[in-house]
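[1] No sequence on hand, only this structure:
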């Protein structure tokens, strides 16, 4: 190690400065020649005695420095880094307890807001919480601030409760009944179109052109068709036009479809005709006509006073009463709204329970006819030794149990749409969640993948599940 202090081994000799200060004479060690203790021949050791004193005037002192000599500078101590030993572990600052603060009352009171927001340091938090145990007024203020902070927290979902609109309208209507009320069977359509319109109102161009895949079942096989968000609204506009025609309103296809294609019937035919002849791809401009048409439908059926519920609406190869057609359109509006929400990665809630119950009831009432169509198409046949029931007589039945707030139980006649369902002739029992059943009926879930609790005749259960999926269409 370098420095002004000499190593320990140099204590055996004096330096030239020591001798000059003590005697006042030049240093004459090493034989007075200044040759480093060399002899005449220039070799070390020549002219030196056996004990190393040589011919110098001051022999080496074996007992250390003389008493009158000044004290020598001590050598520096060895560092811990130089001895190979490990460094001591330093405590983590986070593990050290906070230094307690002694703050006056007014300062602690001013820290309550930051403490409620968890913005104080550890020492400040400890001081405030210690103070709250002894100051009642500050404790009350801290409780109020914490409750206010809880109101500032954003909820998990920004979506409103799907039943909120219905409850608000019901509360308003109880205070001031409408002059022209919406019929109960049209309320689901009114609610679902309003929810979808609220979803669409802030869409930009990118969302309107987001890809959407429409899915349904046909002949026990999954089908799909790719379109866009704008294309889905064009599809709803086209099919809702079937009800508009039945009510004597304008057909939305009249301004888009050529005269040669205006005879297109059925949901799929009208949709394909609209897609072929409209602006391709459809843009946000389709929202206005769809919105106006939905308002016109609700307004028109409201003016009927509920007496036109039995008016037939043609779907091409089948017909539905007006009240069932409105429920069917509400169901499809909800299903396609979920398709759109999934395409833009936005959460979407199911309908209000009482509206969802009506949709489930419609599907359950359509199942006997769907089972008959499957038998006619050769997709289902009675097992060997089994006879179909007669029209108007009790026949084999399946109990459909729908769980959840929108659920209930339905007995489905298996042998004929005109047969009577009978609990005594129940051959199978199926249980599904309400939303799961609707997704099966919409073609969004396959019969093999549906979460179903089942017991009884396996063939009857399979027929009912595939008939439910067959209710779906483009």
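    In hand now; what should we look at? On a predicted model such as this, the values are computed, not experimentally measured, just so you know.

[2] residues in contact with residue 128?
    108, 111-112, 115, 120, 142 (C-beta atoms under 8 Å, 6 or more residues apart in numbering). C-betas here are computed from N, CA, C, even on glycine.

[3] quick one: what helix or strand has it in it?
    Assigning secondary structure by DSSP states H and E places residue 128 in helix 122-132.

[4] need the contacts of residue 128 in a markdown table with secondary structure and neighbour count, can you?
    Output for these, formatted as a markdown table (DSSP: H, G, I helix; E, B strand; the rest coil; neighbours: other C-beta atoms under 10 Å):
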| residue | secondary structure | neighbour count |
| --- | --- | --- |
| 108 | helix | 19 |
| 111 | coil | 21 |
| 112 | helix | 20 |
| 115 | helix | 21 |
| 120 | coil | 18 |
| 142 | helix | 21 |
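
[5] Select, from those residues, the two members most distant in space.
    Using C-beta to C-beta, those reach their maximum pairwise distance at 120 and 142, which is 11.7 Å.

[6] which residues in the stretch 301-450 of the chain form helices?
    According to DSSP state H, counting those that start in this stretch, the stretch 301-450 of the chain carries its helices in the segments 322-343, 353-376, 434-441.

[7] Need those helices in JSON lines (columns: mean neighbour count and mean pLDDT).
    Shown next, in JSON lines, are those (neighbours: other C-beta atoms under 10 Å; pLDDT from 0 to 100):
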{"stretch": "helix 322-343", "mean neighbour count": "22", "mean pLDDT": "96"}
{"stretch": "helix 353-376", "mean neighbour count": "19", "mean pLDDT": "94"}
{"stretch": "helix 434-441", "mean neighbour count": "23", "mean pLDDT": "96"}
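
[8] so which of these comes closest to residue 193?
    Nearest of these (C-beta to C-beta): helix 322-343, 5.7 Å.

[9] which of the residues in stretch 177-194 are buried?
    By neighbour count on 16 or more other C-beta atoms under 10 Å, the buried set for stretch 177-194 is 182-183, 185-194.

[10] how long is it from one end to the other?
    Distance between the two ends of stretch 177-194: 20 Å, counting by C-alpha to C-alpha, to the nearest Å.

[11] where's it relative to the chain centroid, distance-wise?
    32 Å (C-alpha atoms, centre = their mean, to the nearest Å).

[12] Give the rounded mean pLDDT of that stretch.
    If you average the pLDDT over stretch 177-194, you get 88.

[13] which residues sit against it?
    162, 165-166, 173, 291, 294, 297-298, 301-306, 309, 323, 326-327, 329-331, 333-334, 337, 351-352, 355, 358-359.

[14] quick one, strands of this structure?
    Counting by DSSP state E, one finds strands in the chain at the ranges 211-218, 221-228, 312-314, 319-321, 394-403, 408-413, 420-433, 453-456.

[15] List of residues touching the third one?
    Right, strand 312-314. Here strand 312-314 has contacts from 242-243, 246, 265, 319-322, 325, using C-beta under 8 Å, 6+ apart.

[16] let's go with 6 Å and repeat that
    242-243, 246, 319-320, 322, 325 (C-beta atoms under 6 Å, 6 or more residues apart in numbering).

[17] which of the residues you listed tops the neighbour count?
    Using other C-beta atoms under 10 Å as the neighbour criterion, residue 325 leads the contacts of strand 312-314 with 24 neighbours.

[18] Against residue 358, how distant is that one?
    Residue 325 sits 13 Å away from residue 358, going by C-beta to C-beta, to the nearest Å.

[19] what are the phi and psi angles of the most centrally placed residue in the chain?
    By C-alpha atoms, centre = their mean, the chain has its centre lying nearest to residue 347, at 8.5 Å. Dihedral pair for residue 347: phi -70, psi 150, per degrees, to the nearest 10.

[20] how near is it to residue 116?
    31 Å.

[21] go on, residue 462?
    60 Å.

[22] ok, these two, which is more surrounded?
    residue 116 (20 against 15).

[23] wait, doesn't residue 397 sit right on residue 423?
    No - contact criterion C-beta atoms under 6 Å: residue 397 and residue 423 do not qualify, at 7.0 Å.

[24] still on that earlier bit, can I get the helices of the stretch 301-450 of the chain in a markdown table including distance to residue 253?
    Output for the helices of the stretch 301-450 of the chain, formatted as a markdown table (distance: least, C-beta to C-beta, whole Å):
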| stretch | distance to residue 253 |
| --- | --- |
| helix 322-343 | 16 |
| helix 353-376 | 25 |
| helix 434-441 | 27 |
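
[25] out of the ones you listed, nearest to residue 452?
    helix 434-441 (8.1 Å).

[26] Show me what that closest one is packed against.
    helix 458-469 (3 or more C-beta pairs under 6 Å, 6 or more residues apart in numbering; DSSP states H and E).

[27] Having no further points to raise, I will conclude here.
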